[in-house]
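**Student:** only geometry, no sequence info:
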């Protein structure tokens, strides 16, 4: 899967009611199922969601002269937008696929101690007799992450088991 960047000018951007609508339109127009997501950029402000390392990686993907870092996120946004604009003026590609993941982690994906554990497996998937087998046996469907930690589990256990889809976490209602 790749991410793709599409540069549109401000006049084109005005045709869409929102940035999300522009992204949806361009994504459907692309029709390439290998593309995970598309970022439509009509100003440097559209790069605000990028991390500094994401800006560097994306800049280096488009530039003939790579950089090691930017002095600030604002500087990186301006330089990347300037580079993309310059490439467009020179008649070069306005769309370029990149494997750079520029999406910062969202706070909602962080494990919270008050979240409720739901078991997704009927049997303990760990190797019998191992320490992780014993800790996994401490999970009870409906217990909170905090309760699991109190009985001897850890956040690392929770995060690993969530990643492996042995459990899922839900916010308390």
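**Tutor:** Sure thing, it's come through. Predicted model only: the values in this text are computed from it and were never measured. Numbers count the residues shown, from 1 in each chain.
**Student:** where in this protein is pLDDT low?
**Tutor:** 1-42, 87-109 (pLDDT under 70).
**Student:** ok, longest helix in it?
**Tutor:** helix 73-89 (DSSP state H).
**Student:** of all the residues in that one, which ones are buried?
**Tutor:** Buried residues in helix 73-89, counted by 16 or more other C-beta atoms under 10 Å: 76-77, 79-81, 83-85, 87. (Each C-beta comes from the backbone N, C-alpha and C, glycine too.)
**Student:** which stretches of the protein form strands?
**Tutor:** Counting by DSSP state E, the chain has strands at residues 2-7, 35-41, 95-98, 116-119, 167-170.
**Student:** contacts for the fourth one?
**Tutor:** Outside strand 116-119, the residues that touch it by C-beta atoms under 8 Å, 6 or more residues apart in numbering are 139-145, 148, 158, 166-172.
**Student:** just the buried subset of those residues, written out for ChimeraX, thanks.
**Tutor:** Filtering these down to the buried ones (16+ other C-beta under 10 Å) takes a single ChimeraX command:
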select :139,143,144,145,148,158,166,167,169
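**Student:** most widely separated two among the contacts of strand 116-119?
**Tutor:** Spatially, the most separated pair among those is 166 and 172, at 20.4 Å (C-beta to C-beta).
**Student:** among the buried residues of helix 73-89, find me the one that's closest to residue 132.
**Tutor:** Of all the buried residues of helix 73-89, residue 132 sits closest to residue 76, with 41.1 Å by C-beta to C-beta.
**Student:** ok, the closest one touching residue 57?
**Tutor:** No: counting by C-beta atoms under 8 Å, residue 76 stays clear of residue 57, with 10.4 Å between them.
**Student:** so which of the contacts of strand 116-119 sit within helices?
**Tutor:** Members of the contacts of strand 116-119 lying in helices (criterion: DSSP H): 145, 148, 158.
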